[in-house]
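>>> Everything below, folded, please.
(one chain, ligands or ions: 1)
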Amino acid sequence: MYTLYYVPGACSLATQVVIRELGQDISLINKNEVNDFSDINPVGTVPVLVDNGFKIREGAAVMLYLLNKHPNRFLPEDSMARTKATQDIMFANATMHPAYSRLFFIAGNMSDGEAKDQIFQSAALAINQLWAVVNDQLNEQPFLGGSNYSAADIMLTVYSRWGEHFPVDIHFGANVEKMLASIQELPSFRMAVAAEH
Ligand SMILES: N[C@@H](CCC(=O)N[C@@H](CS)C(=O)NCC(=O)O)C(=O)O
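Modelled structure (predicted):
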């Protein structure tokens with residue numbers, strides 16, 4: 001049984017979906033209900049996964065730990081396919097996620113006004129450029145994972161839901177929209193959303 005520290009709707013949702021895809025049991029703890037979360041993670045972020053007392057933080061490390069531990073098609077055996085899957089996970093975690101994180105930072109740290117509006121627009125432009133890259137990749141295949149969805153598709157889908165909380169126009173592109181809709185229809189995704197509170 002895994003323990004996953006989460007914040008509703010945060011990147012930890014992707015971790016939860018993947019744990020469900022792997023058929024593993026999970027106990028969820030809402031970070032906001034923990035008295036001193038710095039004991040759990042001094043950095044203050046979710047996800048944090050605990051496996052039999054072994055604590056792991058950083059979303060990509062958590063994802064790779066899970067995918068290395070349980071047999072699955074998300075992390076193929078073939079070296080090139082495995083590297084491509086890792087690249088996609090890192091793109092999601094280390095490129096797309098930080099691009100979205102700017103929106104949270106701006107909202108929490110700038111006073112309302114023209115400068116804030118402009119910075120929001122610049123941040124949205126950077127996000128849209130990344131979605132355009134993903135959309136191009138999906139000209140050839142329905143998912144980043146190819147004909148089947150991957151961990152990276154799940155991660156990107158979780159992040160895609162953040163834009164609606166800010167005064168920005170995010171353009172996914174038709175291919176990305178199709179991919180996002182397919183992922184959000186997965187039973188694992190629906191169950192993960194329902195399990196958070
Ligand atoms: N590099 C970290 C970033 C994680 C991160 O930014 N998590 C956000 C949620 S998506 C967080 O925990 N923010 C603090 C909070 O929501 O209380 C990772 O990949 O785990």
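>>> going forward, measure contacts and count neighbours with C-alpha atoms only.
Will do.
>>> in stretch 108-124, what counts as buried?
If you call a residue buried by 16 or more other C-alpha atoms under 10 Å, then stretch 108-124 has these buried ones: 117, 120-121, 123-124.
>>> Which of the residues you listed sits closest to the ligand?
residue 123 (16.0 Å; C-alpha to the nearest ligand atom).
>>> Count the neighbours of residue 47 for me.
26 (other C-alpha atoms under 10 Å).
>>> thinking it is in contact with residue 9, fair?
No. At 11.4 Å, residue 47 does not count as touching residue 9 under the criterion of C-alpha atoms under 8 Å.
>>> Which residues of the chain lie near the ligand?
7, 10-11, 45-47, 57-60, 93 (C-alpha under 6 Å from any ligand atom).
>>> Domain-wise, how is the protein divided?
The chain breaks down by automatic domain parsing into domains covering 2-73+188-195, 79-186.
>>> and those as a markdown table, adding mean pLDDT?
As requested, those are exported to a markdown table (pLDDT from 0 to 100):
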| stretch | mean pLDDT |
| --- | --- |
| domain 2-73+188-195 | 98 |
| domain 79-186 | 98 |
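>>> which residues touch stretch 30-41?
5-8, 44, 46, 48, 57, 196-197 (C-alpha atoms under 8 Å, 6 or more residues apart in numbering).
>>> In strands, which of the residues you listed appear?
When DSSP state E is applied, the contacts of stretch 30-41 are split such that 5-6, 48, 57 fall in strands.
>>> which residues are contacting stretch 115-128?
Counting by C-alpha under 8 Å, 6+ apart, residues outside stretch 115-128 touching it are 96, 99-100, 102-103, 106, 110, 167-172.
>>> All the strands of this protein, residue numbers only.
Taking DSSP E to define them, one finds strands in the chain at 2-6, 26-30, 48-51, 54-57.
>>> So in this structure, which helix runs the longest?
What stands out as the longest helix in the chain, according to DSSP state H, is helix 114-137.
>>> Enumerate every residue touching residue 180.
The neighbourhood of residue 180, defined by C-alpha under 8 Å, 6+ apart, consists of 153, 157, 160.
>>> Any figure for the gap between the residue lying closest to the last one once chain neighbours are set aside and the ligand?
Nearest residue to residue 160 in three dimensions, chain neighbours excluded: residue 180, at 7.9 Å (C-alpha to C-alpha, 6 or more residues apart in numbering). Using C-alpha to the nearest ligand atom, to the nearest Å, one obtains 18 Å as the distance from residue 180 to the ligand.
>>> Just grab the bridge partners of the closest residue to residue 28 other than its chain neighbours for me.
Leaving out its chain neighbours, the residue that sits closest to residue 28 by C-alpha to C-alpha, 6+ apart is residue 4, at 5.0 Å. Assessed by DSSP bridges, residue 4 has beta-bridge partners residue 28, residue 49.
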